[in-house]
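Undergrad: With the input below, show me the fold.
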Amino acid sequence: MALLPYLEANRLEAGCDEVGRGCLAGPLMAAAVILPENYTNEWINDSKKLSKSNREHLVDEIKSAALSWAIAEASVAEIDEINILNASFLAMKRAVLQLKTEPEHLLIDGNRWKSDLKTPFTCVVKGDGKYASIAAASILAKVARDKFMEQLSEEFPYYAWESNAGYPTRAHREGILAHGACIWHRKSFRLLSKQMTLDL
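TA: Okay, here's the model as predicted:
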């Protein structure tokens, strides 16, 4: 069943979502997508519910169908400086500002939003499973971030980022334990579980 095409008809709505909040390493990425009001695609859903191949297949479809789309990020340094929640707001704001078409309303995935943008907004809990534009944003951000972490894994092969994208898997934490943290790790996060110790 296709997700909802809009919250309110006859309005340019940009769906916004971010990816990477729970990761130990790498930037946080966000996307904003404005889809045509009459657009439907039953395959578009919360990126976490889709296979990697389905997400990658949908990227070109979303980019070609969208009235406007943008992907932005908040860096590791920004995450450590302003915390992960504020970094998610920052990345989504940057994505909105990069849209070539100015939206009339924002659909924000989650229960909170804070920015100095004047655009009206609605927060939607689990919105990436309800509205097509938010789901499309989650797909673009997820695929972009996964590819970025795969590329980083070539330079930093110890952490299995090509398969875990920086999330706290056992392989990732064992890599940190054996080789220490690198410049892409978020120093404000607990990098190891309580059962592991690291001599830095």
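
Undergrad: Test my guess that Ala31 contacts Ser68.
TA: No - counting by C-beta atoms under 8 Å, Ala31 does not reach Ser68; the two are 11.1 Å apart. All C-beta atoms are positioned from the backbone trio N, CA, C, and that covers glycine.

Undergrad: The two - which one has more neighbours?
TA: Per other C-beta atoms under 10 Å, whichever of Ala31 and Ser68 has more neighbours is Ala31, with 33 against 16.

Undergrad: any idea how far the strand or helix carrying the more buried one is from the chain center?
TA: In the assignment (DSSP states H and E), Ala31 maps to strand 28-34. How far strand 28-34 lies from its chain's middle: 6 Å, per C-alpha atoms, centre = their mean, to the nearest Å.

Undergrad: Give the pairing partners of that strand; include direction for each.
TA: Strand 28-34 sits in its sheet next to strand 13-19 (antiparallel), strand 68-74 (antiparallel), going by DSSP bridges.

Undergrad: mind putting those strands in a markdown table, mean pLDDT and distance to Ile176 included?
TA: Converted to a markdown table, the strands paired with strand 28-34 look like this (pLDDT from 0 to 100; distance: least, C-beta to C-beta, whole Å):
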| stretch | mean pLDDT | distance to Ile176 |
| --- | --- | --- |
| strand 13-19 | 98 | 21 |
| strand 68-74 | 98 | 22 |
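
Undergrad: So which elements touch the longest helix along the chain?
TA: Identified as the longest helix of the chain according to DSSP state H is helix 132-155. Under the contact criterion of 3 or more C-beta pairs under 8 Å, 6 or more residues apart in numbering; DSSP states H and E, helix 132-155 touches strand 13-19, strand 28-34, helix 52-65, strand 68-74, strand 105-109, helix 161-164.

Undergrad: If you count neighbours, what's buried in that helix?
TA: Under the neighbour-count criterion of 16 or more other C-beta atoms under 10 Å, helix 132-155 has 132-146, 148-149, 152-153 buried.

Undergrad: any low-confidence regions in the protein?
TA: Counting by pLDDT under 70, the chain has low-confidence residues at 195-200.

Undergrad: now with 90?
TA: Within the chain, the stretches with pLDDT under 90 are 1-2, 38, 46-48, 193-200.

Undergrad: Quick check, central residue of it?
TA: Most central in the chain under C-alpha atoms, centre = their mean is Val19, positioned 2.2 Å from the mean C-alpha point.

Undergrad: check contacts around that one.
TA: Counting by C-beta atoms under 8 Å, 6 or more residues apart in numbering, Val19 makes contact with Leu28, Met29, Ala30, Ser47, Ser138, Ala141, Lys142, Arg145.

Undergrad: Over to Arg112?
TA: By C-beta under 8 Å, 6+ apart, the residues touching Arg112 are Leu85, Cys123.

Undergrad: Distance of the nearest residue to Glu56 once chain neighbours are set aside relative to Ser53?
TA: Leaving aside its chain neighbours, Glu56 sits nearest to Val143 (5.7 Å; criterion: C-beta to C-beta, 6 or more residues apart in numbering). Distance check for Val143 against Ser53: by C-beta to C-beta, to the nearest Å, it reads 11 Å.
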